[in-house]
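Chemist: Take a look and give me a structure for this.
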Amino acid sequence: MQPIATATERHGVPYFVISDVKEGQYKPYNLITIFPNLLDIYYIAVDLVERYQWRTVAVFYESLEGLFLLENLVQNPGLHVRAWKINSTTGEEAIRHFLLEIRQLTVRNIIVLSSRTVTDYILKEDYGEEHLMDYYYTQVNDDGATGTLTFRKDGTRKGYNVDIMALFETGLYKIGSWNSSIAGSGKRLRLSAVKPTSSHTAQYPLGKGVIRVVTLLEEPFVRTKSDNRNRSGNDRFEGFCIDILDLIAKKLKFKYHLYVVPDGQYGDKRPDGSWNGMVNQLMNGNASLAIGALSITSRREKAIDFTKPFKADGISLVMRRPTKRSSFFQFTEPLSGMVWLLMLAVFVFMGFTLYLLDKVAPPSDGKARFGVGESFWFTFASMMLCGTEIHPRTIAARTLAGGLWVFSLIIISTYTANLAAFFTVSKFDSDIRSIFDLLEQSKVRYGTVLYSDVGAFFEKNKLVKFQQLWQMMSSVQPDSMVASSEEGFLRAKSTSEEYAFIWDTPAVKYRVAHDCDYVQVGGTVGSRGYGIGVPLGAQYREEISVALLQLAESGTILMLEQKWWTSPIKCPDIDEAKPSKTTSLSVDKVGGVFIILGLGVGMAVISALLDYLIRVRHADERTKNRRVTEKTTDKVIYDGAITSGLQLEEPFLDHATKHEVKCTGKQTNIF
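Modeler: Numbering: from 1, shown residues only. Below you'll find the model as predicted:
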């Protein structure tokens with residue numbers, strides 16, 4: 001290149017090259033590089049490592065620019081990097097030794113930045129009985145399809161696209177793109193899942209070495225043993241899925257290494273098109289199987305393959321068990337407040353109506369008339385199904401009283417029947433009875449795991465109520481979304497806020513059965529299933545599916561479900577209709593009856609006292625008035641007798657109701 005570069009530089013002729021100019025090579029001012037900047041290729045590698053969340057990576061580099069890549073990779077605190085410098089003089093034996101060392105280190109991710117000759121040899125070299133031709137690598141289009149040819153002042157390319165390709169045995173497939181003109185690693189790299197047109201052998205076939213299985217901790221599917229610190233390897237884990245995996249491994253005769261997904265997610269498609277969680281681990285070749293509470297969804301089916309489902313799945317609502325409510329006036333709960341008000345209105349209406357009907361009726365000798373007090377007393381006694389000494393006189397009043405008796409009979413019978421149930425069945429203070437009741441209140445916040453299949457279910461569902469629930473969770477109350485299911489369950493159990501967690505039904509049922517602080521609200525929505533995830537086109541998927549069907553037909557899976565979901569703890573059911581045994585009623589349930597009795601006694605005493613005081617006062621007033629009247633009458637009689645010339649033979653007697661005054665010749669009675 002040097003002679004041509006010198007000649008073009010002397011005559012000022014632009015000099016185009018289609019390969020990258022490496023460090024140390026002569027770069028004339030008129031040199032224009034069509035090949036993308038090598039540093040950008042390194043940026044692509046860094047972005048891919050971050051997106052796939054690799055924890056270990058091996059790097060083969062040839063030029064000094066490879067150190068730039070290593071410098072960026074080692075800045076990732078969670079990434080372990082091993083590097084080997086090679087060149088065109090490195091022999092095949094040395095490369096084979098490097099690959100053997102990588103195999104012993106169980107490194108699954110390799111980045112090769114070298115000449116085509118060295119790269120082709122590494123890709124074709126056998127690696128642990130698996131060909132690296134199945135690994136992902138990046139390739140830049142050579143036909144000018146990388147975008148419009150624009151250059152910087154130093155002659156290097158800018159504003160171009162790089163296609164990210166996946167190499168399978170059936171061909172080369174584009175799985176994403178990288179744009180150099182966009183800032184930020186999260187935006188310039190866009191990945192999308194691609195399903196090969198025909199089946200291909202997955203990276204780690206069963207029966208050949210130890211396969212890697214990714215999982216996620218969630219009881220009772222997978223959990224760590226209580227003494228896991230004293231254990232190592234697969235022996236640290238136990239659970240429903242672990243038992244199934246052990247049985248499948250024995251049937252198909254393979255060994256596995258189990259590890260927990262780093263980001264703690266099952267796997268969902270992000271807004272930028274990339275995947276996270278266990279799905280991501282399968283897509284980038286870190287694992288051959290994904291087992292756990294991994295739901296089979298149409299979205300995930302585009303990125304990975306699933307076996308036959310081994311357990312049914314749905315979506316349920318879990319909350320903190322409401323506080324049991326006890327009240328002195330619990331005996332009033334069989335009838336609503338509106339019914340009690342209506343009964344009071346009936347009492348007032350019937351009392352006045354009976355009084356008016358008796359008032360307008362013609363007088364009847366020998367029968368007492370209904371005053372206001374008598375009318376209301378008769379109404380109250382009738383509503384209590386009691387009798388009185390007085391009865392209505394007219395046909396209209398008796399007809400009205402008959403209707404009142406029928407009304408009272410039905411109301412009291414209904415009240416008595418419901419009262420027994422209210423006293424014997426525990427009541428909980430909660431207005432939410434189903435997942436849709438969340439829309440009709442604002443007190444309880446609710447959400448699910450961010451970027452989960454449960455969230456995707458609400459997001460993609462076309463039913464109006466599901467769309468409203470998703471809008472509330474994702475937009476109106478975005479802080480109600482949680483990062484993991486464990487965080488969601490802890491938040492639902494917390495007493496610091498009212499929170500409802502929406503999650504998979506089997507996980508909810510397990511929590512409710514083993515922790516009485518939780519309660520499942522309502523039924524199950526959605527119908528799905530749990531399956532074992534495998535890479536796209538994995539031939540061993542059918543073998544695992546057949547093994548699962550055999551376990552189901554033999555009843556083994558059912559026995560495992562009973563083993564892990566059955567709990568000796570018996571928590572009270574919020575919807576329980578009948579108690580398991582009759583229990584005595586405590587004072588906190590019937591204390592209101594004694595309060596009402598006490599109020600009645602108190603009102604009776606007060607009424608009697610007031611009646612006594614009123615009668616005493618009226619008696620004193622009558623006595624006083626009578627004395628005044630008698631004195632006045634006596635005086636008038638005495639004065640009259642003297643004036644008329646009568647002679648009183650006896651003194652006038654005071655305080656007599658009837659006096660005899662003897663006059664001359666006759667006796668006169670004076671009142």
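
Chemist: Show me what the mean pLDDT comes to for stretch 295-302.
Modeler: Stretch 295-302 carries an average pLDDT of 88.

Chemist: Could you do stretch 53-70 as well?
Modeler: 77.

Chemist: Can you pull the domain assignment for the protein?
Modeler: Using automatic domain parsing, the domains assigned to the chain come out as 36-191, 330-424, 602-670.

Chemist: just the helices in the stretch 401-550 of the chain please.
Modeler: Counting by DSSP state H, counting those that start in this stretch, the stretch 401-550 of the chain has helices at residues 453-460, 464-471, 485-493, 505-514, 541-553.

Chemist: quick one: which of those helices is nearest residue 257?
Modeler: helix 541-553 (16.8 Å; CB to CB). No exception for glycine: its C-beta is placed from N, CA and C like everyone else's.

Chemist: Can you dump the C-alpha atoms of that closest one in CSV for me?
Modeler: C-alpha atoms of helix 541-553 as CSV (Å, rounded to 0.1, in the frame of the first residue of the first chain):
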residue,chain,number,x,y,z
ARG,A,541,-36.7,-30.5,22.7
GLU,A,542,-38.8,-33.5,21.5
GLU,A,543,-36.8,-35.8,23.7
ILE,A,544,-37.5,-33.7,26.8
SER,A,545,-41.1,-33.3,25.9
VAL,A,546,-41.6,-37.1,25.6
ALA,A,547,-39.9,-37.5,29.0
LEU,A,548,-42.3,-34.9,30.5
LEU,A,549,-45.3,-36.7,29.1
GLN,A,550,-44.1,-40.0,30.6
LEU,A,551,-43.7,-38.4,34.0
ALA,A,552,-47.2,-36.9,33.7
GLU,A,553,-48.8,-40.2,32.6
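
Chemist: Mind listing residues that contact that helix?
Modeler: 206, 244, 247-248, 251-252, 289, 305-308, 310, 532, 534, 557-558 (CB atoms under 8 Å, 6 or more residues apart in numbering).

Chemist: Tell me the one of these nearest residue 360?
Modeler: Distances from residue 360 to these, taken by CB to CB, are shortest for residue 558, at 78.5 Å.

Chemist: re earlier: can you lay out the helices of the stretch 401-550 of the chain as TSV showing mean pLDDT and distance to residue 320?
Modeler: Shown next, in TSV, are the helices of the stretch 401-550 of the chain (pLDDT from 0 to 100; distance: least, CB to CB, whole Å):
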stretch	mean pLDDT	distance to residue 320
helix 453-460	87	19
helix 464-471	90	20
helix 485-493	91	5
helix 505-514	89	11
helix 541-553	92	35
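
Chemist: Out of these, which is closest to residue 399?
Modeler: Of all these, helix 464-471 comes closest under CB to CB, at 50.6 Å.

Chemist: Just the buried residues of the closest one, please?
Modeler: Going by neighbour count (16 or more other CB atoms under 10 Å), the buried part of helix 464-471 is 466, 469-470.

Chemist: As a check, name the ranges of all strands in the stretch 401-550 of the chain.
Modeler: Counting by DSSP state E, counting those that start in this stretch, the stretch 401-550 of the chain has strands at residues 445-447, 499-504, 518-530, 533-534.

Chemist: what about the shortest one, average pLDDT?
Modeler: Strand 533-534 comes out with an average pLDDT of 93.

Chemist: Show me what it is packed up against.
Modeler: On a contact count with 3 or more CB pairs under 8 Å, 6 or more residues apart in numbering; DSSP states H and E, strand 533-534 meets helix 277-283, strand 289-290, strand 305-306.

Chemist: again with the third one
Modeler: Based on contacts counted as 3+ CB pairs under 8 Å, 6+ apart, the elements that strand 518-530 packs against are strand 311-320, helix 485-493, helix 505-514.

Chemist: Tell me which of the ones you listed sits nearest to residue 433.
Modeler: That would be strand 311-320 among these, by CB to CB, at 9.9 Å.

Chemist: Find the least confident helix or strand in this structure, judged by mean pLDDT.
Modeler: The weakest-scoring helix or strand in the chain, judged by mean pLDDT, DSSP states H and E, is strand 136-138 (a mean of 39).

Chemist: which stretches of the stretch 1-150 of the chain have low pLDDT?
Modeler: 1-39, 65, 88-89, 103-106, 115-150 (pLDDT under 70).

Chemist: And the buried residues of helix 464-471, which is closest to residue 520?
Modeler: residue 469 (17.2 Å).

Chemist: Nearest residue to the closest one in space, please, no chain neighbours.
Modeler: Among residues not flanking residue 469 along the chain, residue 458 sits closest, at 5.6 Å (CB to CB, 6 or more residues apart in numbering).

Chemist: For that neighbour, give me its contacts.
Modeler: Per CB under 8 Å, 6+ apart, neighbours of residue 458: 448, 466-467, 469-470, 473.

Chemist: how close does it get to residue 242?
Modeler: 30 Å (CB to CB, to the nearest Å).

Chemist: With residue 251 instead?
Modeler: Distance from residue 251 to residue 242, by CB to CB: 15 Å.

Chemist: Please apply the same query to residue 315.
Modeler: 24 Å.

Chemist: now residue 414
Modeler: From residue 414 over to residue 242 (counting by CB to CB), the distance is 55 Å.

Chemist: Show me which of these two is the more surrounded one.
Modeler: For the pair residue 414 and residue 242, the greater number of neighbours falls to residue 242 (21 against 13), based on other CB atoms under 10 Å.

Chemist: Can you tell me how far that one is from residue 221?
Modeler: 8 Å.

Chemist: Could you do residue 564 as well?
Modeler: Counting by CB to CB, the gap from residue 564 to residue 221 is 8 Å.

Chemist: If you count surrounding residues, which of the two has more?
Modeler: Ranked by neighbour count (other CB under 10 Å), residue 564 and residue 221 place residue 221 first, with 24 against 19.

Chemist: Residue 257 reaches residue 211, doesn't it?
Modeler: Yes. Residue 257 is in contact with residue 211 according to CB atoms under 8 Å; the separation is 7.3 Å.

Chemist: more neighbours, those two?
Modeler: residue 211 (20 against 15).

Chemist: Report pLDDT for that one.
Modeler: 88.

Chemist: same check, this time on residue 224
Modeler: For residue 224, pLDDT reads 91.

Chemist: which residue packs closest to it, ignoring adjacent ones?
Modeler: Nearest non-adjacent residue to residue 224 (CB to CB, 6+ apart): residue 236, at 5.6 Å.

Chemist: Give me the distance between that neighbour and residue 510.
Modeler: 20 Å.

Chemist: who has more neighbours, those two?
Modeler: residue 510 (20 against 16).

Chemist: which residues does that one contact?
Modeler: So residue 510 contacts 219-220, 564-565 (CB under 8 Å, 6+ apart).

Chemist: and with 7 Å instead?
Modeler: Applying CB atoms under 7 Å, 6 or more residues apart in numbering, we find residue 510 in contact with 219-220, 565.

Chemist: now swap in residue 244 and tell me
Modeler: 310, 551, 560.

Chemist: make it 10 Å
Modeler: Neighbour list for residue 244: 221, 291, 310-311, 530, 532, 547-548, 551, 556-557, 560 [criterion: CB atoms under 10 Å, 6 or more residues apart in numbering].

Chemist: low-scoring stretches of the stretch 501-650 of the chain, by residue?
Modeler: For the stretch 501-650 of the chain, the ranges with pLDDT under 70 are 567-598, 600-601, 604-605, 607-608, 628, 630-650.

Chemist: and if we set it to 90?
Modeler: 509-529, 535-542, 562, 565-650 (pLDDT under 90).

Chemist: what separates residue 228 from residue 287, distance-wise?
Modeler: 21 Å.

Chemist: So for these two, which residue has more residues nearby?
Modeler: Neighbour tally, residue 228 and residue 287, criterion other CB under 10 Å: the higher count belongs to residue 287, 28 against 13.

Chemist: Got the phi and psi for the more buried one?
Modeler: phi -140, psi 150 (degrees, to the nearest 10).
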